[in-house]
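Chemist: Below is the sequence, then the predicted model.
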Amino acid sequence: MSAPGPDLRILQANERTLLAWVRTGLTLMAFGFVVARLIVWLRIEHPEQDGSAIGAWLGIAVAAVGTACHVVGALRFVSARRAILDGRSIEPGAAAPVAIALAVTLAGVVGVAYLAFTAG
């Protein structure tokens, strides 16, 4: 008789968590591209204001955070999968998700400040 393997529901939950990281990363990357391209439209509408560099860099930063989500999600998935298969407890760190949350918050603050600056 062989020993029972890991609970498949736990492995599937780990995969769903990875997919959530991927969805979040794709959303942030798409939003970053939209922000960067929106600057072109703003330049046409308001040629007297030259804030295009800030907007472009903000878009690039948001897309980079989206890319970081993929890396963090993949690393956490592999780590958790190994722990599940080895029968160890999973102790994921909070540093990477908190860093990503802070980066998204910072991008939001910069975006709001940019909109306030260019509005009037």
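Modeler: Everything's here; your move.

Chemist: longest helix in this structure, by residue count?
Modeler: The helix that spans the most residues within the chain, counting by DSSP state H, is helix 8-45.

Chemist: Flag every buried residue along the helix or strand following that helix.
Modeler: Scanning forward in sequence from helix 8-45 by DSSP states H and E, the next helix or strand is helix 52-86. For helix 52-86, burial by neighbour count (16 or more other Cβ atoms under 10 Å) applies to 54-56, 58-59, 61-63, 65-66, 68-70, 72-73, 76-77, 80-81, 83-84. Where you see a C-beta, it was placed from the backbone N, CA and C, and this is true even at glycine.

Chemist: and after helix 52-86, which helix or strand comes next?
Modeler: Next element after helix 52-86 (DSSP H and E): helix 95-119.

Chemist: what residue lies at the spatial centre of the chain?
Modeler: With distances taken as Cα atoms, centre = their mean, Gly66 lies nearest the centre of the chain, 3.4 Å away.

Chemist: For Val78, see how far away that one is.
Modeler: Noted for Gly66: a distance of 20 Å to Val78, by Cβ to Cβ, to the nearest Å.

Chemist: Tell me, how many residues neighbour Ala36?
Modeler: By the criterion of other Cβ atoms under 10 Å, Ala36 has 19 neighbours.

Chemist: Offset the numbering so it begins at 886, please.
Modeler: In the new count, where the first residue is 886, that last one comes out as Ala921.

Chemist: where does the closest residue to it other than its chain neighbours land on pLDDT?
Modeler: Using Cβ to Cβ, 6 or more residues apart in numbering and skipping residues adjacent in sequence, the residue nearest Ala921 is Gly944, 2.8 Å away. On pLDDT, Gly944 comes in at 89.

Chemist: got the contact list for Gly944?
Modeler: 917-924 (Cβ atoms under 8 Å, 6 or more residues apart in numbering).

Chemist: repeat that for 6 Å
Modeler: Counting by Cβ atoms under 6 Å, 6 or more residues apart in numbering, Gly944 touches 917, 920-921.
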